[in-house]
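# sharing a model that was predicted from the sequence below.
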Protein chains: 2
Amino acid sequence: MPRRTGQDTKQEILRAAATLFRTHGYRGASLADIARAVGYSKASVLYHFPTKEVLLRTLIKPAIDDFEALLDRLTPLPPAQARQAVAVGLADLTFTHGDTAAVLNAIGPALSSDPALEFLDHEHLHNRFLRLVAGPNPDPGAEVAIEVALAGGLAARVEYAHLPDDQLHAALVTVLTRVLDLPDPASPAPPDPASPAPPGPA
Amino acid sequence: MPRRTGQDTKQEILRAAATLFRTHGYRGASLADIARAVGYSKASVLYHFPTKEVLLRTLIKPAIDDFEALLDRLTPLPPAQARQAVAVGLADLTFTHGDTAAVLNAIGPALSSDPALEFLDHEHLHNRFLRLVAGPNPDPGAEVAIEVALAGGLAARVEYAHLPDDQLHAALVTVLTRVLDLPDPASPAPPDPASPAPPGPA
DNA sequence: TTGACAACTGTCCGATCGGTCAGTGAAACT
DNA sequence: AGTTTCACTGACCGATCGGACAGTTGTCAA
């Protein structure tokens, strides 16, 4: 029987931390809380993650990376096509990173004020997304709409996690399309047949 | 010269607490931080507010009350008229309670999980608002839209506080109208001329 | 002038915070 | 068999948390 690998434990800790960070905030969830939730000692949590901040960083990183990957994927597309794919892309993200996305929502207000969260480079991502949706010279109305879409989308994903996945996904796409004033994701796309038909829920 | 009243100090403390709760979260902002921000001792903060929780409660209460007052005002109206006034009403609220509304946004994820925040009766208000906007039998799509509107609206108010008030207010009304799929607030109202023309920004 | 009271503070408290460290026990390698 | 390595732990650290409390100061009504 193979020895129990630390990777399993690491994932358990990350899962528990995601839930606790989401419900109590980063400062509000202590290492002792997280340790109790996974059934290990606090020292064990700190064996796998040298500091609490690294734990958070590790937890958030994949979601941020996927968000950036989405931007990378959509940026080179013709603007009309990119805008058309944005709502589905965002909704997909909130699903593949369910609890983690929720953590982002929970710590959102602390962004750019807490030095422990600077690594997120929130501003840079925000600006890329802004330009993708609203073009190079966005008006304030578009900026506000984007903020509503991002913050609201994350919040809704958390609040309505009890809905069936496909139903919530469809609702998210609909409302994101509306708030961002996007073209209907299901309608025929403009020229440039580079990408296949829009995929369903992940 | 009149004696310095404790009410002034109380307001100073509330203002400082609002900023700190917003940027660092409820758990993340300590009584010592708040005291330092207003230039008094920590003991003085606890003289005016018996506990940290009461301080938060006092801070939040007026915004909650005004939100409930908005619901009271709109509920008896004919549905079409009520829906028409919702976007402006919400945008107004985020302005009359700027920093406090931001605190609500910051502590939002902890709602219904932190016993210290139970007094907000988040669920009850949420349901009233839901029925007001989406009728007695809302479908999931409408529920998700409402979550996006509330959470997103608060977040946007915070993030774009640097914009001129009237500009931000107009942008909020526009995007809220869109996300909630409401009738144009500026268009002629349906029958029942009970209320005057929609007011401008507060 | 005096006593009451409101505003405010220094100091202390137990609990808890994030984090360190010297181990322990068992599997894996030599 | 002996040693190393890995996952994990209890005990402890200084700092900070929310809060208690006795005391000081200045202004008021009497």
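Arrived safely. If you're wondering where the values come from, they're calculated on a predicted model, not measured in any experiment. Residues are numbered from 1 along each chain as shown, chains lettered A, B, ... in the order given.
# only C-alpha atoms from now on, for both contacts and neighbour counts.
Noted.
# tell me which residue is most central in chain A.
Centroid-nearest residue in chain A, with CA atoms, centre = their mean: A:Ala101, separated by 3.8 Å.
# what's the helix or strand for the nearest residue to that one once chain neighbours are set aside?
Spatial nearest neighbour of A:Ala101, excluding adjacent residues (CA to CA, 6 or more residues apart in numbering or on different chains): A:Thr94 at 5.9 Å. Counting by DSSP states H and E, the element that carries A:Thr94 is helix A:79-96.
# and that helix, how far from the chain's centre?
12 Å (CA atoms, centre = their mean, to the nearest Å).
# now that helix - C-alpha only, PDB.
The C-alpha trace of helix A:79-96 is given here as PDB (Å, rounded to 0.1, in the frame of the first residue of the first chain):
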ATOM      1  CA  PRO A  79     -14.300  42.600 -31.300                       C
ATOM      2  CA  ALA A  80     -17.800  41.500 -32.100                       C
ATOM      3  CA  GLN A  81     -17.000  37.800 -31.800                       C
ATOM      4  CA  ALA A  82     -15.000  38.400 -28.600                       C
ATOM      5  CA  ARG A  83     -17.900  40.300 -27.000                       C
ATOM      6  CA  GLN A  84     -20.200  37.500 -28.000                       C
ATOM      7  CA  ALA A  85     -18.200  34.900 -26.200                       C
ATOM      8  CA  VAL A  86     -17.600  36.900 -23.000                       C
ATOM      9  CA  ALA A  87     -20.700  36.000 -21.100                       C
ATOM     10  CA  VAL A  88     -20.300  32.200 -21.600                       C
ATOM     11  CA  GLY A  89     -16.600  32.400 -20.800                       C
ATOM     12  CA  LEU A  90     -17.300  34.200 -17.500                       C
ATOM     13  CA  ALA A  91     -20.100  31.900 -16.500                       C
ATOM     14  CA  ASP A  92     -17.900  28.900 -17.300                       C
ATOM     15  CA  LEU A  93     -15.200  30.300 -15.000                       C
ATOM     16  CA  THR A  94     -17.500  30.600 -12.100                       C
ATOM     17  CA  PHE A  95     -18.300  26.900 -12.500                       C
ATOM     18  CA  THR A  96     -14.900  25.400 -12.900                       C
END
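# for that helix, give the mean pLDDT please.
What helix A:79-96 shows for mean pLDDT is 87.
# show me what that helix is packed against.
In this structure, helix A:79-96 makes packing contacts with helix A:52-74, helix A:122-134, helix A:140-159, helix A:165-179, judged by 3 or more CA pairs under 8 Å, 6 or more residues apart in numbering or on different chains; DSSP states H and E.
# quick one, what contacts the residue nearest to A:Ala101?
Applying CA atoms under 8 Å, 6 or more residues apart in numbering or on different chains, one finds that A:Thr94 lies in contact with A:Ala101, A:Gly153, A:Leu154, A:Arg157.
# what sits up against the helix or strand of chain A with the lowest mean pLDDT?
Scoring the helices and strands of chain A by mean pLDDT, DSSP states H and E places helix A:98-107 at the bottom, with a mean of 77. With contact meaning CA under 8 Å, 6+ apart, helix A:98-107 is reached by A:18-19, A:21-23, A:25-26, A:59-60, A:63, A:94, A:151, A:154-155, A:157-158, B:106-110.
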